[in-house]
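S.K.: requesting a structural model of the entry that follows:
(chains A and B)
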Amino acid sequence: MKKFNFELKDLVVPLVSVLVVILCLFLVLFPRVEKVMEMRGQIKTQKAKITATTQKLNDLSSLSEADLYDSSSLLLQALPKDKDFLQFLLALKKLLQENDVLLESYKFSPGLISTESASAKSGEKDNQISITISFSSTFTNFSNFVTKLEKIVPLSSMGNIKIKSQGSTTSGELSLLKGDLTVVGYFSPLPKTIGSYDKALVKISSQDQKIIEELRNYSRFYLEAPSFEQVIVGKEDPFSF
Amino acid sequence: MSKGINLISQEGRERLRIAKIRLKLKKFSYFILGFFILFTVVVFGFFFLYQRELSTNERQISLLKSQIESFNKVESLLVTTTDRSEKINKILNERISYVEVLSACSSLMVPGFIPTAIEIKSAGELKISGTCEDLQSLTNLNERVEEIRLRRSYKEIVYPQVSRTAAGKYLLTLELKK
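M.R.: Model (predicted):
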């Protein structure tokens, strides 16, 4: 019995310490190891994010706000964000006048005008505004008008053209023509959000540059803001006449 | 033949064996403890190191984020520029130029030819009807049509109808198809 007690006492300390070690391994260390591995993954992701963000910051710093403002203004004039019928109609009218094409009548359906989405009416073609104009002109003037219409901002395109002769001269180019023309204008709402801070920055491609340069040569038709006469309300000195 | 004599008693030998086992167990438990302590130190070392790195990176990211946010206006201008440019490119590619059709139409306006109706379809096709005052103007018109044909910008050039009036005028319809 004495011998047995002696052997058990000898085994207790090592066995307990091994058991404690095993318990600690499973309960404390292994979860911690998992956490460390997870942290390693997070650090890797963070480093990738830092690299991308630094790159984006460098790219943004290298951009000129003035140049971008200039380009985006031009592009917004070419393709407005709203369904701006008035601007489109005035540009068209001005161009017709410049080329001595007589605008007899015009017809259009503005559809749904919404400042928020400027969404298209059902049955209406997406992001397009269409005006049908009746005109009279000589062929040369009309031809000049069409040539210039393709080189103006806001951008437009033409549908079917139907022309009938009204005069009788020996020169076809000088005879008076009367016709109908459908002109289509465009608009497109702006993207709602800009990219996330860690998302790569979109770059202006050579194609974009080419378009901007091309549009710079187009004629621009601005809507002149009406000037209002300043009306003085009240008096600073109520005792003066 | 030699024979070994063991002078240690049976009980003494048993004690010695137990002492050896006890020593081995002690060594083993020390080894396990040592290994455990070392492993714990390494794991916790990495844990604190990574935790520090994580918070440093987080600070750096938040700094970069605020710096990028200060460029919000530039980014929105850039996004607008690329978005508009992409859409304008699509419009320009899909848009059919009427300049070529009108140039063809203009070249047909020879002296003596009076167009009565011109129809230009959105696909760039041209249909022109008119009157030629005499044979000379009809010949001239036909020469211009031949020039257009040689340019190969139209797939088909058709005269669906040509007629002569009692007054010697020629009424015709000409179609240029893409």
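S.K.: contacts and neighbour counts: CA atoms only from here.
M.R.: Will do.
S.K.: okay, helices next: where are they in chain B?
M.R.: Taking DSSP state H as the test, the helices found in chain B are B:10-69, B:72-94, B:99-107, B:135-151.
S.K.: out of those helices, name the one with the poorest average pLDDT.
M.R.: Lowest mean pLDDT within the helices of chain B: helix B:99-107, at a mean of 83.
S.K.: from the chain's centroid, how far away is that helix?
M.R.: Put simply, helix B:99-107 sits 37 Å off its chain's centre (CA atoms, centre = their mean, to the nearest Å).
S.K.: helices and strands around it, which ones?
M.R.: Helices and strands touching helix B:99-107, by 3 or more CA pairs under 8 Å, 6 or more residues apart in numbering or on different chains; DSSP states H and E, are helix A:139-149.
S.K.: buried sites along the helix it packs on?
M.R.: A:139-149 (16 or more other CA atoms under 10 Å in any protein chain shown).
S.K.: can you pull the contacts of the most centrally placed residue in chain A?
M.R.: What sits nearest the mean C-alpha location of chain A, by CA atoms, centre = their mean, is A:L190, with 3.7 Å. Each residue near A:L190 by CA atoms under 8 Å, 6 or more residues apart in numbering or on different chains is listed here: A:81, B:80, B:83.
S.K.: try 10 Å
M.R.: A:76, A:80-82, A:117, B:79-80, B:83-84 (CA atoms under 10 Å, 6 or more residues apart in numbering or on different chains).
S.K.: and it, how far from A:K56?
M.R.: 22 Å (CA to CA, to the nearest Å).
S.K.: which pLDDT value belongs to residue 170?
M.R.: I'll assume chain A. 54.
S.K.: look at chain B instead
M.R.: pLDDT, B:Y170: 92.
S.K.: could you measure from it over to chain A?
M.R.: Distance of B:Y170 to chain A, computed by CA to the nearest CA, to the nearest Å: 14 Å.
S.K.: list the contacts of the closest residue to that residue other than its chain neighbours.
M.R.: Using CA to CA, 6 or more residues apart in numbering or on different chains and skipping residues adjacent in sequence, the residue nearest B:Y170 is B:R164, 4.4 Å away. With contacts defined as CA under 10 Å, 6+ apart, B:R164 is in contact with B:131-132, B:134-135, B:170-172.
S.K.: now, of those, which are buried?
M.R.: Here, 16+ other CA under 10 Å leaves B:131-132, B:170-172 buried among those.
S.K.: now the two most distant members of those.
M.R.: B:C132 and B:L172 (7.8 Å; CA to CA).
S.K.: now for the two: what residues contact both?
M.R.: Joint contacts of B:C132 and B:L172 (CA under 10 Å, 6+ apart) are B:113, B:115, B:138, B:164.
S.K.: which residues does the closest residue to the first one other than its chain neighbours form a beta bridge with?
M.R.: In other words, B:F113. Of all residues beyond its chain neighbours, the one nearest B:F113 is B:C132 (4.4 Å), with distances taken as CA to CA, 6+ apart. Listed beta-bridge partners, B:C132: B:F113, B:Y170 (assigned using DSSP bridges).
S.K.: and B:C132, how far is that from B:N142?
M.R.: Distance from B:C132 to B:N142, by CA to CA: 11 Å.
S.K.: what sits in contact with each of these two?
M.R.: B:V110.
S.K.: do I have it right that the residue nearest to B:F113 meets B:K169?
M.R.: Yes: applying CA atoms under 10 Å as the test, B:C132 and B:K169 come out as touching, 5.8 Å apart.
S.K.: run through the residues that contact the residue nearest the centre of chain B.
M.R.: Centroid-nearest residue in chain B: B:E86, 11.1 Å away (criterion: CA atoms, centre = their mean). Shown in contact with B:E86 (CA under 10 Å, 6+ apart): A:205, A:207-208, A:211, B:80.
S.K.: quick one: the strands in chain A?
M.R.: A:102-108, A:128-138, A:152-153, A:156-165, A:176-186, A:219-220 (DSSP state E).
S.K.: hey, where'd the helices end up in chain A?
M.R.: A:2-24, A:30-62, A:65-78, A:85-98, A:139-149, A:206-216.
S.K.: can you put these in TSV and add distance to A:I129 and mean pLDDT?
M.R.: Output for the helices of chain A, formatted as TSV (distance: least, CA to CA, whole Å; pLDDT from 0 to 100):
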stretch	distance to A:I129	mean pLDDT
helix A:2-24	74	73
helix A:30-62	36	93
helix A:65-78	14	92
helix A:85-98	7	87
helix A:139-149	15	88
helix A:206-216	20	93
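S.K.: compare those and report which one is nearest to B:S62.
M.R.: Closest approach to B:S62 among the helices of chain A is made by helix A:30-62 (9.8 Å; CA to CA).
S.K.: re the thing from before, got a markdown table for the strands of chain A, with mean neighbour count, distance to B:L25 and mean pLDDT too?
M.R.: Output for the strands of chain A, formatted as a markdown table (neighbours: other CA atoms under 10 Å in any protein chain shown; distance: least, CA to CA, whole Å; pLDDT from 0 to 100):
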| stretch | mean neighbour count | distance to B:L25 | mean pLDDT |
| --- | --- | --- | --- |
| strand A:102-108 | 13 | 99 | 87 |
| strand A:128-138 | 20 | 88 | 89 |
| strand A:152-153 | 23 | 92 | 88 |
| strand A:156-165 | 21 | 93 | 86 |
| strand A:176-186 | 21 | 88 | 88 |
| strand A:219-220 | 16 | 94 | 85 |
